[in-house]
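[1] Here is the input, now give the coordinates:
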Amino acid sequence: MRVTPVRLLSAALASASAALTLAPGALVTALWVGPQAVAAGIRGAAPAYAVAGAAIIACALIVIALYVSLIGVWRGRRGPRVACIVIFGVLALLLVTPAWPVVLAGWVPRLLGLAAFVIAMVGLVIAMAVDRRSGDPLRGWAPGIAGLVGAYAAVALVVGVVDPRIPQFPRAPWTPEFAGDAAPGRALPAQPPPAHPGLAPGQFATIHNDAWMTDAYADRSIIDPEAAEPVSFFAGGDCATLVWNAEGHLVAVCVSPTEVRTYVLDPRTLEPLASRQLAPRTVSARVLTDFSGGGYAFLDSAMRLVIPLPNGRIARYDSVSLEQLDEFEVVDNLQPGEQITSALPDAAGLLWFVGQRGTVGLLDTMSGTASSLVLVDPAFGPVDIENSFAVDESGGAYVVTSAELVRLDVSDGAPAVTWRIPYDRGERRKPGQTSQASGTTPTVFRDGAFIAITDNAEPRMNVVVVDATDAVPRVHCTVPVFSDGESATDNSLIAIGDSLFVENNYGYTLLSVAGGRTTTPGLARIDVSDAGCAVAWSSDEVAIPSLVSKGVAADGLVLTYVKQPSILGFDEWWFTGVDASTGDVRWRRLAGVGPLLNNHYAAAYVSPVGGVYVGTVSGIVGLVGD
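    Numbers count the residues shown, from 1 in each chain. Below is the predicted model:
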């Protein structure tokens, strides 16, 4: 067989370009997790996850087909050349879509990959025109490889059928299960917010723990993370809100592209004790970033689960049996097509609710009547409300729109604006954010005197603290955080004592952390005094893609969920404890490996007995004790 320079050059270009596709770890993970996701989606009546699993398999098979075709390309075979041209064309088209991270190794820039694929296609076309002699085929290679891949995927499919856990890849032998020092750090002084008369007692009633949205536990320690047992549960939805009922069971509200479902789970095993579909959802273009109609829920003072549902409804359920107790329709108090983002109780028995397009309302659950107003910014016009809000024991509500921080109070049974303070909404929706706005729920702290948010400024976002003690509230201080051009968050601040903790989510999307990638790192502590704000420390040691992290004052920790980059393409997710005094990582415990371990804007939680849980895009992962 005569080998021509054109054949060698085109084959070398094609092989080099193929090496830029999925890294080895990403490829074997995709072929293992994809079939499991298909099986789990079918078993759990979660069609979106079966489709996602099929898409993962398809991406892996495309890359495998490319490598198999290269054997024929080196031998000058026409069929394999055509196959490679087609595959490179498909990959190049994917690179101009948001799905581009699923076809490139984590270390490869997008433009480099696109250029390499185009050059490879051109080289193969030229080779087909110039080099018309081909070698004999190597028979048996393709069927043999297909058999191995099929057997591997079939085993994964069986695992997905019988295993109720989240589909995941086994831990690599060189990856430790635990690293660091599990001993608690220096405790931080903290007091829980005043008990809110409308919420369940303790700091276990909302996604942000309490009425002030502090995202902190003042009087709980977590269990030994090294000795704890990792557990997981495939729920077929993103389980953002977790609360604990009167029997100590975990109650999870999980939202998928097609439904809102809730579970009562054994907190030790995550075995479901009860489940109920609450409502169907309509698939939309914003399905991956739309948290309305089920993303936020709370446990009220009567231990009822209260959930805003699609189509302008708010329902209450028994948190043990999941029996529906009542339902209220407030669609007439919303704008056309508007969904409810979140709801919380006021101090006198009314129910605040906010809508995506700027509506703020009050529901009287005794009479079933509601009233509302629409917030409009004087400078920007219509606004949106993408996050939850805070309430205090006096009955006030603090709401962040896409332009302002607003306090509202009840006036003759209706919502009324008490004050409003604009903030810098920036010039763009930054990567990692769900809208061009503050990504935070307001946080009340320092005995209710201060309210904190972040803005969306350029080149760096600021932590903004408002002093609400005067008759006319004012901005107490602002402080920029993280690096120029790479500073954004879409999660609430943590408040412990006089300190705030803010994380960097810049660069996050569901696909941007695939194949060993991660986001721009960053976690910072801001100390607030009467004189202003100061950065106590800022760390780039941890990359926190999108978690609602939590403070654990008794252990002196920030509890978070980290994904470090992997050149081999393994998607490893870690429970992580960061020293709240220094910013150093104290410990890491592996939660699992694979794309379905991604928390996707869900939160971390500490249970009443110290267990650790994180909602994920497909269910729940946890660390539990005996």
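
[2] Helices along the stretch 101-250 of the chain, start to end?
    110-130, 141-162 (DSSP state H, counting those that start in this stretch).

[3] and these as a markdown table, adding distance to residue 517?
    The C-beta positions use only the backbone N, C-alpha and C, and glycine is treated the same way. Formatted as a markdown table, the helices of the stretch 101-250 of the chain follow (distance: least, CB to CB, whole Å):
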| stretch | distance to residue 517 |
| --- | --- |
| helix 110-130 | 11 |
| helix 141-162 | 23 |
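
[4] how about these, which one is nearest residue 579?
    helix 110-130 (36.0 Å; CB to CB).

[5] If you count neighbours, what's buried in that closest one?
    Across helix 110-130, burial judged by 16 or more other CB atoms under 10 Å covers 113-114, 116-117, 120-121, 123-124, 127-128.

[6] about what we covered before: lowest mean pLDDT across the helices of the stretch 101-250 of the chain, which one is that?
    For those, the weakest mean pLDDT is recorded on helix 141-162, namely a mean of 84.

[7] Go through that helix and flag the buried ones.
    For helix 141-162, by 16+ other CB under 10 Å, it's 142, 149, 153, 156-157, 159-160.

[8] now, among those residues, which is nearest to residue 624?
    residue 159 (22.0 Å).

[9] quick revisit: please name whichever of the helices of the stretch 101-250 of the chain is nearest to residue 470.
    helix 110-130 (50.0 Å).

[10] hmm, who's touching that closest one?
    With CB atoms under 8 Å, 6 or more residues apart in numbering as the contact definition, helix 110-130 has outside contacts at 4, 6-7, 9-11, 13-14, 16-18, 20, 73, 76, 78, 81-82, 84-85, 88-89, 91-92, 95-96, 100, 103-104.

[11] Tell me the gap between it and the middle of its chain.
    Relative to the centre of its chain, helix 110-130 is centred 37 Å away, using CA atoms, centre = their mean, to the nearest Å.

[12] same check, this time on stretch 554-564
    Distance, centroid of stretch 554-564 to centroid of chain: 16 Å (CA atoms, centre = their mean).

[13] Could you do stretch 422-430 as well?
    Worked out by CA atoms, centre = their mean, stretch 422-430 lies 21 Å from the chain centre.

[14] hmm, back to that, out of the helices of the stretch 101-250 of the chain, which comes closest to residue 322?
    Among the helices of the stretch 101-250 of the chain, helix 141-162 comes nearest to residue 322, with 26.3 Å by CB to CB.

[15] then that closest one to CSV, C-alphas only?
    C-alpha atoms of helix 141-162 as CSV (Å, rounded to 0.1, in the frame of the first residue of the first chain):
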residue,chain,number,x,y,z
TRP,A,141,-12.4,-3.7,14.0
ALA,A,142,-15.7,-1.9,13.8
PRO,A,143,-17.9,-4.9,15.0
GLY,A,144,-15.5,-5.6,17.8
ILE,A,145,-15.5,-2.1,19.1
ALA,A,146,-19.3,-1.9,18.7
GLY,A,147,-19.6,-5.1,20.8
LEU,A,148,-17.4,-3.8,23.6
VAL,A,149,-19.2,-0.5,23.7
GLY,A,150,-22.6,-2.2,23.6
ALA,A,151,-21.7,-4.6,26.4
TYR,A,152,-20.4,-1.7,28.6
ALA,A,153,-23.6,0.3,28.0
ALA,A,154,-25.8,-2.7,28.6
VAL,A,155,-24.3,-3.2,32.1
ALA,A,156,-24.8,0.5,32.8
LEU,A,157,-28.5,0.1,31.7
VAL,A,158,-29.0,-2.8,34.1
VAL,A,159,-27.5,-0.8,37.0
GLY,A,160,-29.9,2.1,36.2
VAL,A,161,-32.8,-0.2,36.4
VAL,A,162,-32.1,-1.7,39.8
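
[16] Adjust the sequence numbering to begin at 522 for everything that follows.
    Sure thing, new numbering starts at 522, so read that last one as helix 662-683.

[17] name the helices or strands packed onto it?
    Judged by 3 or more CB pairs under 8 Å, 6 or more residues apart in numbering; DSSP states H and E, helix 662-683 is in contact with helix 545-564, helix 568-595.

[18] and the ones you listed as JSON lines, adding mean neighbour count?
    Output for those, formatted as JSON lines (neighbours: other CB atoms under 10 Å):
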{"stretch": "helix 545-564", "mean neighbour count": "24"}
{"stretch": "helix 568-595", "mean neighbour count": "20"}
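
[19] can you list those helices in JSON lines and add mean pLDDT and distance to residue 1112?
    Below are the helices and strands packed on helix 662-683 laid out as JSON lines (pLDDT from 0 to 100; distance: least, CB to CB, whole Å):
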{"stretch": "helix 545-564", "mean pLDDT": "94", "distance to residue 1112": "14"}
{"stretch": "helix 568-595", "mean pLDDT": "92", "distance to residue 1112": "18"}
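
[20] Nearest to residue 845, out of those helices?
    helix 568-595 (24.6 Å).

[21] could you check the angle helix 662-683 makes with the closest one?
    When axes from the mean of the first three to the mean of the last three CA atoms, to 10 degrees is applied, the directions of helix 568-595 and helix 662-683 differ by 160 degrees.

[22] Helix 568-595 packs against which elements?
    By 3+ CB pairs under 8 Å, 6+ apart, helix 568-595 packs against helix 526-539, helix 545-564, helix 599-616, helix 662-683.

[23] Give the PyMOL command for selecting the buried subset of the contacts of helix 631-651.
    Here is the PyMOL selection string for the buried members of those, based on 16+ other CB under 10 Å:
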select buried, resi 527+528+531+532+534+535+538+539+541+594+597+602+603+605+606+609+612+613+616+621+624+625
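
[24] what residues does stretch 672-689 touch?
    552-561, 564, 574, 578, 752-755, 792, 1113-1115, 1117-1118, 1137, 1139-1140, 1142.

[25] how about the nearest residue to residue 1088, chain neighbours excluded?
    Leaving aside its chain neighbours, residue 1088 sits nearest to residue 628 (5.7 Å; criterion: CB to CB, 6 or more residues apart in numbering).

[26] Quickly note the distance from that neighbour to residue 717.
    Distance of residue 628 to residue 717, computed by CB to CB, to the nearest Å: 49 Å.
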